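Participant: Sequence plus the predicted model coming up.
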Amino acid sequence: MDIYRKIQNVESRGHWGIKPSLANPTALLEGLGHPEQSFPAVLIAGTNGKGSTGAFMASALRSAGHRVGWTTSPHLVSPTERIWIDGAPISLETLDRLLDEVLAAEARLGIEGTYFELMMACAILAFREAKVDIALVEVGMGGRWDAANALDPILSVLTNIALEHTAFLGDTREAIAREKLCTARTGRPLVLGDTLEPAWIQPLLECQPRLIQASRQIAETLAWDHSVVQGHRIGLAGPHQLSNLGTALCALDQLRQLGFQLPEEALWRGIETTRWPGRFWQVPGLDRVWMDGAHNPDGAAVLARHARSCGVKPHLYFGSMGDKDLEGVARELRSIAPLSITLAKGENERYATAEALLAIWGEDLRVLDIESLGQELRQPCEAPRLVTGSLYLIGDILRTMGIAPYGSD
């Protein structure tokens, strides 16, 4: 079976929902010889900002000379983007070989893992094989029953809490926080993003970690396409990235206290060179096109606030999955006062329908399919263009346009 068919078969098991058990990921790790015991791990949970926080941390650690494994989701174009070794996604050939090993273990054990569980097992195998010094492991949905929680982290990070996946995690911030806080461990540091007050978090915990809140005091200069922090030009723009950077710096300080060598000069060199496609990202090779995966009201509010603070009014292109808070996201993005609004409809059944989008945004707006949208973005434009609403939308556009966000596999 070729790798593309193999990935398609694994993906068909489904991406969403929560299986209230860690039995499968735990059994897989045991069946694979406990690869998770070969390296120290950091778990990164939260509603928004997990990927950006991980990107800052991975780049800083690499700059300081550490060999870093990092797993993140979702991917934009290729599933190889979910597993990183030393600053680059693994190859398709490597993923093929890892999947074979994981699927063989699954068959021996007589279990059937989810897509996320199998990909997590592949990542952990890859980290053992690469002899990483540390692994940064992004939690998928929630935390309590997430496959990432089968690991025993030396440090946990919680970026923020907002309403998301309420059918699975609960319909209050407190309920969602309880699920995500299960990634913490007694006696070990838990770094909280700057919006999370320890006094609010403490009663929600089921264990007793050491709580450390990230600083809110980061000197900042904001521009549409970058931020400047303490004299360092950061390639990730927006106030949300300054918050993510603060969380990452706090987590890196904890790793320093745990024995990791992180000289300031090397740390900031890594921060300056951090890149994270799809997150307020200026697309190389396209004229004045930015893409951001904001998919909930909180993310859209931060994006809109950044546009307003910089005085930028872009042409807006919006598409989303149908299970999101479409009205809440639309309300925030309208505050940008965009020059125009174009709606995007994808082929996947998870996309919001054209009818649903028009009902919220306005019946007189254009709706483009992904291919037509990609063709339009290739044309020059005097004003900036912002594509947002879903990382899946961004991935589909890039795939259609033949743009590899991280280079070729």
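Facilitator: Ah, there it is. Numbering: from 1, shown residues only.
Participant: which SS class is the residue sitting furthest away from the middle of the chain?
Facilitator: Within the chain, residue 364 marks the point farthest from the mean C-alpha position, 33.5 Å out by C-alpha atoms, centre = their mean. Judged by DSSP: H, G, I helix; E, B strand; the rest coil, the three-state class of residue 364 is coil.
Participant: per-residue confidence at it?
Facilitator: Note on residue 364: pLDDT of 95.
Participant: Kindly report the same for the one 5 residues further on.
Facilitator: We have a pLDDT of 97 for residue 369.
Participant: What of the one 3 residues further on?
Facilitator: According to the predicted model, the pLDDT of residue 372 comes to 98.
Participant: Let me know the helix or strand that it is in.
Facilitator: In this structure, residue 372 sits in helix 370-377 according to DSSP states H and E.
Participant: For that helix, what is the distance to the chain centroid?
Facilitator: Remark: helix 370-377 is offset 25 Å from the chain centroid, using C-alpha atoms, centre = their mean, to the nearest Å.
Participant: buried residues in that helix?
Facilitator: Of the residues in helix 370-377, 370, 373-374, 376-377 count as buried by neighbour count, 16 or more other C-beta atoms under 10 Å. Glycine gets a C-beta too; all of them are placed from N, C-alpha and C.
Participant: Repeat that for stretch 205-220.
Facilitator: By neighbour count on 16+ other C-beta under 10 Å, the buried set for stretch 205-220 is 205, 209, 211-214, 218.
Participant: and which of these is nearest to residue 299?
Facilitator: residue 214 (18.3 Å; C-beta to C-beta).
Participant: one step back: show only the entries of the buried residues of stretch 205-220 found in helices.
Facilitator: Among these, none falls in helices (DSSP state H).
Participant: Nearest to residue 391, out of the residues you listed: which one, please.
Facilitator: Once C-beta to C-beta is applied, the member of the buried residues of stretch 205-220 that ends up nearest residue 391 is residue 214, at 23.9 Å.
Participant: ok now do the closest one, which residues does it touch?
Facilitator: By C-beta atoms under 8 Å, 6 or more residues apart in numbering, the contact set of residue 214 is 191-194, 243, 246-247, 249-250.
Participant: Backbone dihedrals for the residue farthest from the centre of the chain, both of them.
Facilitator: Main-chain dihedrals, residue 364, degrees, to the nearest 10: phi -90, psi 10.
Participant: Could you check how far it is from residue 82?
Facilitator: Taking C-beta to C-beta, to the nearest Å as the measure, residue 364 falls 39 Å from residue 82.
Participant: Doesn't residue 125 lie inside a strand?
Facilitator: No: with three-state DSSP as the criterion, residue 125 is located in helix rather than a strand.
Participant: tell me which element the residue lying closest to residue 142 once chain neighbours are set aside is part of?
Facilitator: Spatial nearest neighbour of residue 142, chain neighbours left out: residue 179 (4.1 Å); criterion: C-beta to C-beta, 6 or more residues apart in numbering. Per DSSP H and E, residue 179 falls inside helix 173-180.
Participant: Show me what that helix is in contact with.
Facilitator: Residues contacting helix 173-180 (C-beta under 8 Å, 6+ apart): 45-47, 139, 142-144, 158, 161-166, 169-170, 201, 204, 206.
Participant: Touching the helix or strand just after that helix from outside, list them.
Facilitator: Next helix or strand after helix 173-180 toward the C-terminus (DSSP H and E): strand 189-192. The contact list for strand 189-192, computed with C-beta under 8 Å, 6+ apart, reads 155-158, 181, 184, 198, 201, 209-214, 247, 250-251, 254, 258.
Participant: Can you list the low-confidence ranges for the protein?
Facilitator: For the chain, residues meeting the criterion pLDDT under 70 lie at 1, 15-18, 166, 407-409.
Participant: Find the residue at the geometric middle of it.
Facilitator: In the chain, the C-alpha closest to the average C-alpha coordinate belongs to residue 51, at a distance of 3.4 Å (C-alpha atoms, centre = their mean).
Participant: Which residues are in contact with that residue?
Facilitator: Applying C-beta under 8 Å, 6+ apart, the residues near residue 51 are 72, 138, 276, 279.
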